[in-house]
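K.L.:
sequence and predicted model, in that order:
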Amino acid sequence: MENFKFNKTQINGLYIIEPKVFNDTRGYFMEAYNKEHFKKAGLNMNFVQDNESRSSKGVLRGLHFQKKHSQGKLVRVIKGKVFDVAVDLRVASESYGKYESVILSEENKKQFYIPEGFAHGFLVLSDEAIFNYKCTDFYYPKYESGVKWNDADINVEWPLDQIKNIILSEKDKKHPNLKELDLSEFPQFNVCEREGNQ
């Protein structure tokens, strides 16, 4: 685990991960992921899909999740800076409806591991951002869902003082509030702790 620092957050299962960066006159080198190191830290997930997005300043994507085939995500920014958020949707969790946030940037090279059972979103703070994430399940459009980004019950403290205009997709404008969601029929949202998220 010497190439990674695994920082537990106040919400069980969420980790802020700091890779060790080797700098010299040529630039830098780092491991972005190492299955054995993650497994030793208790993060024994299996990634099946990698995604990448490019967004301009003020773009807010989220808060997204899949009702079935819930995805665990290891996210990072390779260009620019974002404010990243994960909201606990695990119905039986003590932290249900609570969130954790972190600044991810090309400078700090931090990563955020968000397990299954969470909603995820981010706000772009730089002129543009390239966002990369590894997923533990595939994307299924028919199961995609979300929670309203400014739900008063979740009360995410988005750094809006840095943003003139928030840019939302039409889908993201229509997400319900947390209290309007019924996730009880979906098994992945009724489990608090899973293997690898202790």
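P.N.:
That came in fine, so what should we check first?

K.L.:
please put the alpha-carbon coordinates of the biggest helix by length in the chain into CSV.
P.N.:
Assignment by DSSP state H gives helix 35-40 as the longest helix of the chain. Presented in CSV, the C-alpha positions along helix 35-40 are these (Å, rounded to 0.1, in the frame of the first residue of the first chain):
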residue,chain,number,x,y,z
LYS,A,35,-5.7,-4.3,-7.5
GLU,A,36,-3.4,-5.8,-4.9
HIS,A,37,-2.9,-2.6,-3.0
PHE,A,38,-6.6,-1.8,-3.0
LYS,A,39,-7.4,-5.3,-1.9
LYS,A,40,-5.0,-5.0,1.1
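
K.L.:
so how far is residue 13 from residue 123?
P.N.:
Going from residue 123 to residue 13 by CB to CB, to the nearest Å gives 22 Å. To be clear about C-beta, it is placed using only N, CA and C from the backbone, and glycine gets the same treatment.

K.L.:
read off the pLDDT value for the residue of the chain positioned farthest from its centre.
P.N.:
Largest separation from the mean C-alpha position in the chain: residue 25, at 32.6 Å (CA atoms, centre = their mean). For residue 25, the pLDDT comes out at 93.

K.L.:
could you do residue 17 as well?
P.N.:
With respect to pLDDT, residue 17 scores 97.

K.L.:
mind listing what the closest residue to it other than its chain neighbours touches?
P.N.:
Nearest non-adjacent residue to residue 17, counting by CB to CB, 6 or more residues apart in numbering: residue 111, 4.3 Å away. Residue 111 sits next to 16, 17, 18, 19, 32, 74, 75, 76, 104 when contact means CB atoms under 8 Å, 6 or more residues apart in numbering.

K.L.:
rerun at 7 Å
P.N.:
Contacts for residue 111 (CB atoms under 7 Å, 6 or more residues apart in numbering) come out as 17, 19, 74, 75, 76.

K.L.:
now the nearest residue to residue 129 once chain neighbours are set aside: how far from residue 50?
P.N.:
Excluding its sequence neighbours, the residue lying closest to residue 129 (CB to CB, 6+ apart) is residue 80, at 3.3 Å. Taking CB to CB as the measure, residue 80 falls 18 Å from residue 50.

K.L.:
equivalent analysis for residue 61, please.
P.N.:
17 Å.

K.L.:
between those two, tell me which one has more neighbours.
P.N.:
residue 61 (20 against 11; other CB atoms under 10 Å).

K.L.:
tell me the phi and psi of residue 170?
P.N.:
phi -60, psi -40 (degrees, to the nearest 10).

K.L.:
for it, grab the count of nearby residues.
P.N.:
When neighbours are defined as other CB under 10 Å, residue 170 has 6 of them.

K.L.:
still on that earlier bit, show me the beta-bridge partners of the residue nearest to residue 17.
P.N.:
residue 17, residue 76 (DSSP bridges).

K.L.:
pLDDT score assigned to it?
P.N.:
Listed pLDDT for residue 111 reads 98.

K.L.:
same thing with residue 198?
P.N.:
39.
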